[in-house]
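> no sequence on this one, just coordinates:
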């Protein structure tokens with residue numbers, strides 16, 4: 001049976017492409033001073049980021065073209081491969097700031113947790129579509145799904161990467177909740193994991209310092225230095241901002257301002273108006289994604305659209321909240337804005353799948369054309385005729 005292919009959701013596509021294009025100017029401005037000091041060339045990181053944005057466009061277009069039903073048989077091998085990569089990362093991964101989170105191949109690097117995040121989302125969508133009402137069963141529905149979720153989450157936490165592990169677990173719970181898993185099962189899972197989470201937090205001094213500094217609100221010392229510099233950036237920007245390229249915090253005040261704290265540079269250079277514009281784009285992607293999920297032609301499309309939307313929305317929300325000091329400091333990127341190839345490529349591919357789902361809904365039907373109109377007219381009974 002051939003499936004109807006309609007137009008994709010152009011508003012979602014426009015919002016994502018806008019974020020990717022805007023990231024070029026933001027990353028260049030945020031990295032210019034640091035690149036000049038290190039390499040004597042202000043545009044060094046811009047070239048790398050531009051290549052990642054270009055590849056992101058390619059991934060986006062390619063995955064739009066592939067019928068999402070074809071992933072049904074591929075999600076389990078992909079998730080198994082992701083788990084193997086996470087295991088390799090623990091043993092062979094490149095260590096940065098005490099954490100092994102990347103696999104390096106020559107001049108390229110891969111963050112397996114990004115791949116694992118979307119591989120898990122896709123496989124959960126397939127399993128939930130197959131199990132349907134059996135998700136409410138503990139033994140044959142809920143537990144098998146949680147084994148996959150737990151495997152990925154634990155391996156990411158062991159890197160250690162607390163923020164990404166928690167986000168993967170949170171996105172999975174959102175999917176299971178919408179997939180009609182019993183609230184009792186979800187509540188018991190969270191309750192049982194809270195003591196383990198407390199032990200995990202106490203196992204590393206730097207994590208405890210972050211929590212204590214966040215609760216205390218102190219700006220002294222190294223723990224909150226990056227956060228306070230980011231907040232100074234927002235303060236400098238005011239309502240209208242200092243203008244593109246006029247950031248002061250990028251001049252070695254805000255460490256790695258082109259990465260997880262790039263939203264502060266947006267606030268400094270484009271002001272409150274610029275930050276609200278970025279937030280508005282993420283809100284638009286979220287609302288359109290939910291709409292696509294509601295109108296998906298089947299359960300698989302519904303859960304895929306939901307999972308991808310939840311991942312993009314949660315990461316954007318948490319990154320913005322961290323940069324503003326609303327949440328404790330984490331290492332989560334802002335999708336399509338922060339410098340980083342793994343996040344850009346996998347997020348773009350996932351949105352491509354979301355748009356493919358949208359093309360198989362009835363939200364954006366294609367015009368039938370002249371021939372189609374004539375065929376439709378022939379099928380219509382004449383006025384006054386009876387069957």
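Nice, I can see it. The model shown is predicted, which means the values in this text are computed figures rather than measured ones. Numbers count the residues shown, from 1 in each chain.

> okay, CA-based contacts and neighbour counts for the rest of this
Fine.

> just checking, residue 207 touches residue 198?
No - assessed by Cα atoms under 8 Å, residue 207 is found out of contact with residue 198, at 10.8 Å.

> wouldn't residue 164 be in contact with residue 154 here?
No - look at residue 164 against residue 154 with Cα under 8 Å: they stay out of range, at 10.6 Å.

> more neighbours, those two?
Each of residue 164 and residue 154 has its neighbours counted (other Cα atoms under 10 Å); residue 164 has more, 21 against 16.

> next, the buried residues of the helix or strand where the more buried one lies.
Using DSSP states H and E, residue 164 sits within helix 162-178. Across helix 162-178, burial judged by 16 or more other Cα atoms under 10 Å covers 162-176.

> for this structure, what spans make up the helices?
Taking DSSP state H as the criterion, the chain contains helices spanning 10-39, 44-65, 75-92, 112-131, 143-157, 162-178, 183-202, 205-216, 225-237, 262-294, 299-323, 341-358, 369-379.

> and these: which comes nearest residue 104?
Nearest to residue 104, of all the helices of the chain, is helix 75-92, at 9.2 Å by Cα to Cα.

> can you tell me what sits against the closest one?
For helix 75-92, the external contacting residues (Cα atoms under 8 Å, 6 or more residues apart in numbering) are 100-103, 112-113, 115-116, 119-120, 122-123, 126, 151-152, 155-156, 158-159.

> out of the residues you listed, which are buried?
Buried subset of the contacts of helix 75-92 (neighbour count, 16+ other Cα under 10 Å): 100-103, 112-113, 115-116, 119-120, 122-123, 126, 152, 155-156, 158-159.

> what's the closest non-adjacent residue to the residue nearest to the spatial centre of the chain?
Nearest to the geometric centre of the chain sits residue 312, at 3.4 Å (Cα atoms, centre = their mean). Nearest residue to residue 312 in three dimensions, chain neighbours excluded: residue 335, at 6.6 Å (Cα to Cα, 6 or more residues apart in numbering).

> quick one: that neighbour and residue 346 touch, right?
No - using Cα under 8 Å as the test, residue 335 is too far from residue 346 to be in contact (9.8 Å).

> so which of those two has more stuff around it?
Counted by other Cα under 10 Å, residue 335 and residue 346 do not tie: residue 335 has more neighbours, with 28 against 21.

> mind checking how far that one is from residue 71?
23 Å (Cα to Cα, to the nearest Å).

> same check, this time on residue 306
In terms of Cα to Cα, residue 306 sits 16 Å off from residue 71.

> between residue 207 and residue 198, point out the one with more neighbours.
Using other Cα under 10 Å, the more surrounded residue of residue 207 and residue 198 is residue 207, with 18 against 10.

> OK, contacts around that one?
Counting by Cα under 8 Å, 6+ apart, residue 207 has contacts residue 201.

> so how far is residue 261 from it?
18 Å.
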